[in-house]
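I would like the atomic coordinates for the input below:
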Amino acid sequence: MTERRLLIVDDEPDFGDFVRQVAEGSGYEVTVTTGGKEFMEVYDDVDPTVVVLDMVMPEIEGTELVQWLAARRCAAKVIIITGFHPDYAALAGKLGENQGPELGDDPGQAGRRRAIAHRPGVTTRRRPNSRNRKTR
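Below is the predicted model:
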C-alpha cells in the first residue's frame, strides 16, 4: 500500500475515471466508486489519505457521507465536488468542520475553488454536470 491513497465517490463514472487518471499520474493509488454504499464498503480496505466526494448522488448524499466520515474519525483530506449549487458543498464543509474530517485543497490545485469555511485549506470544487447541461 502506498502513502498516497485516493478514494473517489461520484455517480458519474467518466468523471471518476478522469480524476483517477490525473491522480495516478501524480503517484496516487486510486479506487473509484460510483455510490455511497460502495464507498462505505471499500473505505476500510483502501484506508484513503485523500477522498474526493460528490455531493449529489442517488441513494446516499454527500452530506451523509461527510457525517459518516466524521463518525469514523476520518483522517483523510476530503475534497468536495458538485455540479450543482456550491451551497451544497458549503453545507458539507460546515458539517465536516464541526464534526471531524479535514477538508483540504485538491492535489495540484486544479480547477475553480471557493472557500467554504473560516479554517485555512477548506475548499470545494464545482464541476460541470452533464445533468445540468443544455443539449443542442
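
quick check: closest non-adjacent residue to residue 40.
Leaving aside its sequence neighbours, residue 40 sits nearest to residue 68 (CB to CB, 6 or more residues apart in numbering; 6.5 Å). C-beta coordinates here come from the backbone N, C-alpha and C atoms, glycine included.

helix, strand, or coil at the one you found?
When classified by DSSP: H, G, I helix; E, B strand; the rest coil, residue 68 comes out as helix.

near it, how many other residues are there?
16 (other CB atoms under 10 Å).

and it, how close does it get to residue 5?
To residue 5, residue 68 is 18 Å away according to CB to CB, to the nearest Å.

for residue 56, same thing?
Taken as CB to CB, the span from residue 56 to residue 5 is 25 Å.

quick one, helices of this protein?
13-25, 36-46, 62-71, 87-99 (DSSP state H).

any chance of JSON lines for the ones you listed, columns distance to residue 78 and mean pLDDT?
Listed next are the helices of the chain as JSON lines, based on distance: least, CB to CB, whole Å; pLDDT from 0 to 100:
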{"stretch": "helix 13-25", "distance to residue 78": "14", "mean pLDDT": "95"}
{"stretch": "helix 36-46", "distance to residue 78": "12", "mean pLDDT": "97"}
{"stretch": "helix 62-71", "distance to residue 78": "7", "mean pLDDT": "88"}
{"stretch": "helix 87-99", "distance to residue 78": "6", "mean pLDDT": "59"}
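
I'd like the ones you listed as TSV, with distance to residue 79 appended.
Shown next, in TSV, are the helices of the chain (distance: least, CB to CB, whole Å):
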stretch	distance to residue 79
helix 13-25	9
helix 36-46	14
helix 62-71	11
helix 87-99	10
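
looking at these, which is nearest to residue 1?
helix 36-46 (8.8 Å; CB to CB).

tell me which residues in the closest one are buried?
Going by neighbour count (16 or more other CB atoms under 10 Å), the buried part of helix 36-46 is 36, 39, 40, 43, 46.

quick one, what contacts the second one?
So that's residue 39. 7, 9, 33, 60, 65 (CB atoms under 8 Å, 6 or more residues apart in numbering).
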